[in-house]
Structure formats: structure tokens, C-alpha cells
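*Asks:* here is a sequence with its predicted model. Questions after.
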Amino acid sequence: MTPVLVSLAIIFTQLSLLAFGGGNTILPEMQRQVVEVHQWMSAQEFSAMFALAQAAPGPNMMVVTLVGWHVAGWPGVLVTTLAKFGPSSIVTGLALHAWERFKDKPWRVKVQAALVPMTVGLVAASAALITMATAHEWMLAVITAVVAIAGFRLRIHPLWLLAAGALVGLTGIGQG
Amino acid sequence: MDLFLGFLGLGMIGFGGVLPLAHRLVVEKKHWLNEAEFTDLLGLCQFLPGGNILNLAVAIGMKFHGPRGAMASLFAIIAAPSAVVIALGSIYTRFNGPHLQHMFAGLAAAAAGLLISTALKIAVPIRRKPIAILIACLFFVAIAVLRLPLLPTMAVLIPLSMAVTWRAAR
């Protein structure tokens, strides 16, 4: 393995095991690693990849695949995918039997309750960082604000909101 | 094989929120789990690190066919989405015209908006708990403002969160 692939493996294995509360909680750390520490891409490119991954079907952490592909091609895809999904899956497989014993224990409920504020803070951090890297023109800021309110208040399928954002963007109005 | 095809389908259709679709597949159509088992297993998947649906696929695969079933389910659920994102990624990098740039900028802005709405939704249950709000703010400042690494931040703030939430609950 090349040094780049080794770095990818280490970064995504760590992210895999820290992803309490789902994939959105580790976006800031992923961005910090690939943009600031390793400088494989700009913050704007990272946000664009996140957006592409959101427009694709399936589980919402496909940005991992794109990062691997951008940094190191097909070997990168293989390494990041294994490193991101392997370790957490092994933990799940191992925990399956133990779960029967500890699911009703009071400490389990307490630990889970204590993790909720962390998830809220980390997802809010993800939202802030992605927004700062994306909404640099007034129309883009308007799209972000409208989608945020619509997504929170109305029961619209996320895909319609993404499509609407892409269509408004396509007109080029309000973008430099 | 049934597991593989089931999760392959879920990977292809599951836009945005996969959870309701996963419930329909696993409980209503395939009867792999009953309602109580599903809720129970989902609880485990939310407790552990990793995406809920991916963990659920692994857990169901493991339950029926051991490690091989777990690997088949995991591979099935990420296969189609991986192919789609790589296709989208090559379109994005290869055709670099102004129209496409504008369209992707709009898409990215909308994706950012969706992330904000997700953050707002998960913040609703803690809106009247000042201590939980304080902990959430500490995480936000450490990660988004100070740009501290995640591992040491968690090592300091998770024990703090546990200590104060348990004290408050007493």
C-alpha cells in the first residue's frame, strides 16, 4: 500500500469507530482530516462531494466512497469503504449476542441518553461547516435557508428539495 | 441470497430516509423480524457507532447466516449507492461547464439546508433541557469553531456529559 492509502485506512477506521449517532456526526472530523491536515481537496470540493453523495440513493455516508475515489482512484474507493464500514460492522456483529444481556441494564439507557446532546452538537457542527463552505453567493444562501426551513417544517421528501435546489442553481441567478 | 437481494434493493431505492423503507422490507414484506425484534435491534444499531441502517443490515445478516450473511448484507446495501456516487463524481469532474457548476452549487446549497433541518429535528427533544443544550454547544464550539480533533474532544466531553446528565437526573 502507498502512504496515501495507509493514511486513508487510518483516518476512516478511526471515523468508523467514532461514528456514534450516525454518519453526520463525523463529517467535521472527516473534513478536518482531508482538507486541513492532508490538503487532498478544498473545503468547497468536500462540500460538493457531500452534496453528490446526498443526491445518491442508499445510506447517507457515501461521501466516504467519493473521497477515496478523489484521493486515490479505485484503490482509494476500496480502502476507504473497507475502513469506514468494516470496523463498525465488526463491532455490531460482536455486540449482537451481548446486547441481549445489557440492553435492559440502567447504565445502557444512561449512556445512550448522555450521547444525545453530543449527536446534536456534532450534527449542528456538520451543518455549520458544510454551509460555510457552500453558501458563498447570495442565491446559494437563500437556497440553503429555504431548504432548511422546508425540511424542518414540512413533510417533503428530501430528494424533491435537492432537485429544487439544483434547478434553481442551474438558472445561475444570483451566482457571481 | 434472499438477504443479499433484499438489501441490494434497499440500497437502490432508499433515497434520503431509508429507515421507513427498511422497516417495510424487514418486518412487513420479508418477515425476517417481528415488530418488537425490529425495535430492539434498531436500539442496538443506534447505540453502536456507524450508520443505523448499515448496522441493521449487518445485524440481520449475522442473525441468519453468521459472518458470511453479515458481509453479504453489508456489501449488498452499499454496492448500488457506491456505483451511483462514483458515476455522479465523474460527471462532476469531467464536464466542467458553467451550467453544471451552477447546478451542482445549487445542489450543494440544498444539501447544506437539509443538514441544518436534520440538526434542528434532532435538537427538538433537548430544547427544554438546559444542561443538554450546554453540552451540545460545547461540542459545537470545539468542533466547528475551534476545529479540535474529534477523538480528544469526545474523550473529554463524553465523561463530562455523563457526569452532568446523571447528576441532573437524580
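*Replies:* Good, I have the coordinates. Residues are numbered from 1 along each chain as shown, chains lettered A, B, ... in the order given.
*Asks:* give me the low-pLDDT residue ranges for chain B?
*Replies:* Chain B contains residues with pLDDT under 70 at B:1, B:11-20, B:169-170.
*Asks:* starting at the chain centroid, how far to the longest helix along it?
*Replies:* Using DSSP state H, we find that the single longest helix of chain B is helix B:52-94. In terms of Cα atoms, centre = their mean, to the nearest Å, the centre of helix B:52-94 is found 13 Å from the chain centre.
*Asks:* likewise stretch A:47-66?
*Replies:* The mean C-alpha position of stretch A:47-66 is separated from the chain mean by 8 Å, Cα atoms, centre = their mean.
*Asks:* do it and chain B meet at all?
*Replies:* Yes - for stretch A:47-66 and chain B, the contact criterion (Cβ under 8 Å from any Cβ of the partner chain) is met by A:47-63, A:65-66. In this view, the C-beta of every residue, glycine as well, is placed from N, C-alpha and C.
*Asks:* skipping its backbone neighbours, what lies nearest the residue of chain B found nearest chain A in space?
*Replies:* Per Cβ to the nearest Cβ, residue B:106 is where chain B lies closest to chain A, at 1.6 Å. Of all residues not flanking residue B:106 in the chain, residue A:169 sits nearest, at 1.6 Å (Cβ to Cβ, 6 or more residues apart in numbering or on different chains).
*Asks:* now the helix or strand hosting residue A:140: average pLDDT?
*Replies:* Take DSSP states H and E as the rule and residue A:140 turns out to sit in helix A:138-153. Averaged over helix A:138-153, pLDDT sits at 92.
*Asks:* my guess is the residue of chain B closest to chain A meets residue A:173, correct?
*Replies:* No - if you go by Cβ atoms under 8 Å, residue B:106 and residue A:173 don't touch, sitting 9.9 Å apart.
*Asks:* from residue A:163, how far off is residue B:41?
*Replies:* Separation of residue B:41 from residue A:163 (Cβ to Cβ, to the nearest Å): 33 Å.
*Asks:* ok, the two, which is more surrounded?
*Replies:* Taking other Cβ atoms under 10 Å in any protein chain shown, residue B:41 and residue A:163 do not tie; residue B:41 has more neighbours (22 against 15).
*Asks:* quick one: contacts for that one?
*Replies:* B:33, B:56, B:59-60 (Cβ atoms under 8 Å, 6 or more residues apart in numbering or on different chains).
*Asks:* then residue A:151?
*Replies:* Residues counted as contacts of residue A:151 (Cβ under 8 Å, 6+ apart) are A:158, A:161, B:113-114, B:116-118.
*Asks:* re earlier: just the contacts of residue B:41 now: which is nearest residue B:72?
*Replies:* residue B:60 (10.6 Å; Cβ to Cβ).
*Asks:* grab the nearest non-local neighbour of that closest one.
*Replies:* That would be residue B:32: by Cβ to Cβ, 6+ apart, it lies 5.7 Å from residue B:60.
*Asks:* and residue B:140, by the same measure?
*Replies:* In space, residue B:140 is closest to residue A:121, 4.5 Å off (Cβ to Cβ, 6+ apart).
*Asks:* in stretch A:42-57, what's buried?
*Replies:* For stretch A:42-57, the neighbour count (16 or more other Cβ atoms under 10 Å in any protein chain shown) marks A:43, A:45-57 as buried.
*Asks:* redo those as TSV? Include distance to residue A:80.
*Replies:* Shown next, in TSV, are the buried residues of stretch A:42-57 (distance: Cβ to Cβ, whole Å):
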residue	distance to residue A:80
A:43	19
A:45	16
A:46	14
A:47	18
A:48	17
A:49	12
A:50	14
A:51	18
A:52	15
A:53	12
A:54	17
A:55	19
A:56	15
A:57	19
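*Asks:* among those residues, which lie within helices?
*Replies:* A:43, A:45-55.
*Asks:* do stretch A:136-144 and chain B meet at all?
*Replies:* Yes - on the criterion Cβ under 8 Å from any Cβ, stretch A:136-144 is in touch with chain B at A:137, A:139-141, A:143-144.
*Asks:* okay, helices next: where are they in chain B?
*Replies:* For chain B, applying DSSP H gives helices covering B:2-13, B:19-23, B:35-47, B:52-94, B:98-123, B:130-140, B:150-169.
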